[in-house]
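Chemist: Generate coordinates for the sequence data below:
(one chain, ligands or ions: 2)
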Amino acid sequence: MARIVMKFGGTSMAGIERIRSVAARVKREWEAGNEVAVVVSAMAGETDRLVNFCREASSLYDPREYDVVVSSGEQVTSGLLAIALQAIGVPARSWLGWQLPIRTSDGHGSARIAEIDTTALNASLANREVAVIPGFQGLAAGERVTTLGRGGSDTSAVAMAAAMKADRCDIYTDVDGVYTTDPRIVPRARKLKRVTYEEMLELASVGAKVLQTRSVGLAMKENVRVQVLSSFVDEDGEAEPGTMIVGEEEIGDMERQLITGIAHDKNEAKITLTSVPDKPGAVASIFAPLAEAGINVDMIIQNIAHNAGSTDVTFTVPSADLARSIDVLNRAQGEIGFGELVHDTRVAKISIVGVGMRSHAGVASTMFTTLGERGINIQAISTSEIKVSVLIEEDYTELAVRVLHTAYGLDAPEDAAA
Ligand code: ASP
Ligand code: MG
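Modeler: Ligands and ions are numbered 1, 2, ... in the order given. Just a heads-up that it's a prediction; the model follows:
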C-alpha cells in the first residue's frame, strides 16, 4: 500500500465526461489498496473567465475579493469529482482549503503555503475515503480565502504530498512529460525519462510551462517524488510513462547528457536606460524602485562607461510588467539620472539547461557559435551553474531552438521521431 497524491489539471477536469475518466483513474489506484488524495484544477479556461469578471467589475478590485471569486473554479471541480467517484462506488469527500485548513501567507493573489493541517484528512484516509482537494486555494491568518498564483494547483499538490508524507505525487497534465524542448518547434524533441529538480526548476522558470515553478522548488526542498504524466491514456487505460523528477544522485553518469533541455520564453521585455551616471549607487537607484514595485528583473547588463562617466544599463522584465516598469522608472528618473528609456518587447530568451554543464567547459561557446553561424545576434547573456540564457530577436526563436537542439545532439534518431 502506498500513499499517493494525484493531481489533475484543467484540461482533465473540463467537463463531466472527462471528470468521469479522472474518477475511473483514481478508482484504479484506490482499488489497488492505496491511500489517495486528489488535487484538482478548475475546468480549463474557467480561472481566466473568473479573473475577467473581477477586472470588469472594477479595475481596482480588492485582492481579497478577487481570491473569493477565482478560487471558486476549483470548488466546483472538487465537488464534481467527489460526486463522480461516489457514483462508481468509491467513498469520496471534498476538503476545501479553509476546511483542512491549508494555511497561507496573506499575499492575496499569490499567497505562499505556510502549513497544512492533515488531522481531518488522515482520519478520512484511514476510513478508506478518497480525499478530493481543490488546488490553488488556502486560508490566510485573518480567515480569508487566498489563492496561490496562476498555475498554483501544482504547488498545492506538492505541498499536500509533503504534508501527508506521500510516497509520490503524480501530476497529470495535457503534456505527457518533460521534453528536451517544445515538440511543437522541434518534432524530434525527446521525452526525458528523468530530470533533476534543479534542471526542472530552470526549465520551468524559463518557459517550459509544464509545472508551476514554485511547485518544483517545493518538491526539491521537501524531497517529494514528482512524476509528470499524460492525462490521456492508451487503449488499456494506462498512462504512458511520463517524466520522473529526481535528485541528481539518482541520475547515473552513463545517462547524463551535457545539455538536458532547451527552453524559450517570449514573455520578456527589454529595457535600456541610456547615460546612467557611472558612480556608486547608480544601479541600486534603478533596481530598488522596481523591487519595491514587486517587479522581477531577470537579465542585466551594464556596459563599461564611455564618454563623460556614463553608461547604458539594459535589463529584462516580464512583458506583463513593462508598462508598470516604465512608470516606476520615469518617476525615479531624477534620482537615477538616466538620459533615455528605450524598450523592446520583440525579444525572446533562449536557455540551455543541464547539470552536465558543471563539469564541462565550452558549453556556452557552442551556443554562441551555433547562433552566430545562423546570423542570430545575441543582445544579452545570463548564466547560472547549470544554465546559459541569451536574449535574441523574437522572430528567430524557432530557428534558434532548432539549431541548438541539433548542436547539442538532442534530436531523436530519425526513425524514432513521431
Ligand atoms: N486554476 C488555476 C489557474 O488556472 C490554478 C491551476 O490550475 O493550477 O491558474
Ligand atoms: Mg497548470
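
Chemist: what separates the nearest residue to residue 411 once chain neighbours are set aside from residue 401, distance-wise?
Modeler: Leaving aside its sequence neighbours, residue 411 sits nearest to residue 188 (CB to CB, 6 or more residues apart in numbering; 4.3 Å). For every residue, glycine as well, the C-beta is placed using N, CA and C. Distance, residue 188 to residue 401, by CB to CB, to the nearest Å: 12 Å.

Chemist: more crowded one of those two?
Modeler: residue 401 (22 against 18; other CB atoms under 10 Å).

Chemist: who touches the residue nearest to the spatial centre of the chain in this structure?
Modeler: When CA atoms, centre = their mean is applied to the chain, the residue found nearest the centroid is residue 212 (2.5 Å). By CB atoms under 8 Å, 6 or more residues apart in numbering, residue 212 lies in contact with 149-155, 204.

Chemist: Closest to ligand 2 out of the residues you listed?
Modeler: residue 151 (4.4 Å; CB to the ion).

Chemist: Test for you: state the pLDDT assigned to the residue nearest to that closest one when sequence neighbours are not counted.
Modeler: In space, and not counting its chain neighbours, residue 151 is closest to residue 212: 3.8 Å by CB to CB, 6+ apart. We have a pLDDT of 88 for residue 212.

Chemist: before we move on, back to that, need phi/psi at the residue nearest to the centre of the chain.
Modeler: phi -60, psi 130 (degrees, to the nearest 10).

Chemist: How much space separates it from residue 152?
Modeler: Counting by CB to CB - residue 212 and residue 152 are separated by 6 Å.

Chemist: For stretch 372-385, which outside residues touch it?
Modeler: Applying CB under 8 Å, 6+ apart, the contact partners of stretch 372-385 are 202, 270, 298-301, 314-316, 347, 357-358, 364, 368, 371, 388-393, 396, 399-400, 403.

Chemist: Can you say which of these are buried?
Modeler: Buried by 16 or more other CB atoms under 10 Å: 202, 270, 298-299, 301, 314-316, 347, 357, 371, 388-392, 396, 400, 403, out of the contacts of stretch 372-385.

Chemist: and the residue of the stretch 251-400 of the chain found nearest ligand 2, how many neighbours does it have?
Modeler: Residue of the stretch 251-400 of the chain nearest ligand 2, by CB to the ion: residue 267 (15.7 Å). Residue 267 has 13 neighbours, counted by other CB under 10 Å.

Chemist: same thing with residue 62?
Modeler: 11.

Chemist: Also residue 215?
Modeler: 30.

Chemist: who are the neighbours in contact with it?
Modeler: Per CB under 8 Å, 6+ apart, neighbours of residue 215: 154-155, 157-158, 226.

Chemist: give me the element it is part of.
Modeler: Per DSSP states H and E: residue 215 is located in helix 213-222.

Chemist: and that helix, anywhere near ligand 1?
Modeler: No. Helix 213-222 stays clear of ligand 1 (CB under 6 Å from any ligand atom), getting no nearer than 9.1 Å.

Chemist: Tell me which residues of that helix come out buried.
Modeler: By 16+ other CB under 10 Å, the buried positions in helix 213-222 come out as 213-220.

Chemist: export those residues to JSON lines and tack on distance to residue 71?
Modeler: Below are the buried residues of helix 213-222 laid out as JSON lines (distance: CB to CB, whole Å):
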{"residue": "213", "distance to residue 71": "21"}
{"residue": "214", "distance to residue 71": "17"}
{"residue": "215", "distance to residue 71": "17"}
{"residue": "216", "distance to residue 71": "23"}
{"residue": "217", "distance to residue 71": "22"}
{"residue": "218", "distance to residue 71": "19"}
{"residue": "219", "distance to residue 71": "23"}
{"residue": "220", "distance to residue 71": "26"}
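
Chemist: Pick the one among the residues you listed closest to ligand 1.
Modeler: residue 215 (9.1 Å; CB to the nearest ligand atom).

Chemist: Distance check, the closest one against residue 227.
Modeler: From residue 215 to residue 227 the distance is 13 Å (CB to CB).

Chemist: Run through this protein and note the low-pLDDT ranges.
Modeler: 207, 233-239, 252-256, 306-307, 415-418 (pLDDT under 70).

Chemist: how about 50 then?
Modeler: For the chain, residues meeting the criterion pLDDT under 50 lie at 417-418.

Chemist: interface residues of it facing ligand 2?
Modeler: Counting by CB under 5 Å from the ion, the chain comes close to ligand 2 at 9, 151.

Chemist: Which residue does the stretch 301-418 of the chain have closest to ligand 1?
Modeler: At 14.2 Å from ligand 1, residue 320 is the closest residue in the stretch 301-418 of the chain, using CB to the nearest ligand atom.

Chemist: Pop out the phi and psi values for that residue.
Modeler: According to degrees, to the nearest 10, residue 320 has phi -60, psi -20.

Chemist: That one contacts residue 267, correct?
Modeler: Yes. In this structure residue 320 lies within contact range of residue 267 using CB atoms under 8 Å: 7.1 Å.
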